[in-house]
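Enquirer: Structure for the following, please:
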Amino acid sequence: MATTWDKTAHIDDKSDPDEWKAAWEKLLDRYGSYDCCDPQTHEMWQYMGSVAGASGAWQHMFRHRSLPPEGERVYWHCAASAGWRPTQWHDASWMNECPF
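Expert: Numbers count the residues shown, from 1 in each chain. Below you'll find the model as predicted:
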């Protein structure tokens, strides 16, 4: 079953520094590095945005195009901090039409 998203948002270290740091700390806890830089491609983790489904629970999405040691593309989601909501968000129903 495909995941459907109702809302999408984008944060950065200026708009929401505490949640930005918390999201990257979760990635650090999971993978042991903020970047996991691939020595051949120099690809690193990228924050892709934040999404919420029908339950209203927010998640932060990350992508690495060439995660060492296998060099595979990886998408990783982590739960936002308890009670966190972005100050601005957008309707994400268009995402549910995408074939991914």
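Enquirer: I'd say C36 and P68 touch.
Expert: Yes: at 6.1 Å, C36 counts as touching P68 under the criterion of C-beta atoms under 8 Å. Bear in mind the C-beta positions are built from the backbone N, C-alpha and C, glycine included.
Enquirer: what about the residue nearest to H77 when sequence neighbours are not counted, how many neighbours?
Expert: Leaving aside its sequence neighbours, H77 sits nearest to Q59 (C-beta to C-beta, 6 or more residues apart in numbering; 4.6 Å). The local packing of Q59 (other C-beta atoms under 10 Å) involves 17 other residues.
Enquirer: downstream neighbour of the helix or strand that contains Q59 in the secondary structure list?
Expert: Q59 belongs to strand 58-67 when assigned by DSSP states H and E. Following strand 58-67 in sequence order, the next helix or strand is strand 72-79 (DSSP H and E).
Enquirer: So for that following strand, what gets flagged as buried?
Expert: W76, C78 (16 or more other C-beta atoms under 10 Å).
Enquirer: Thanks a lot, catch you later.
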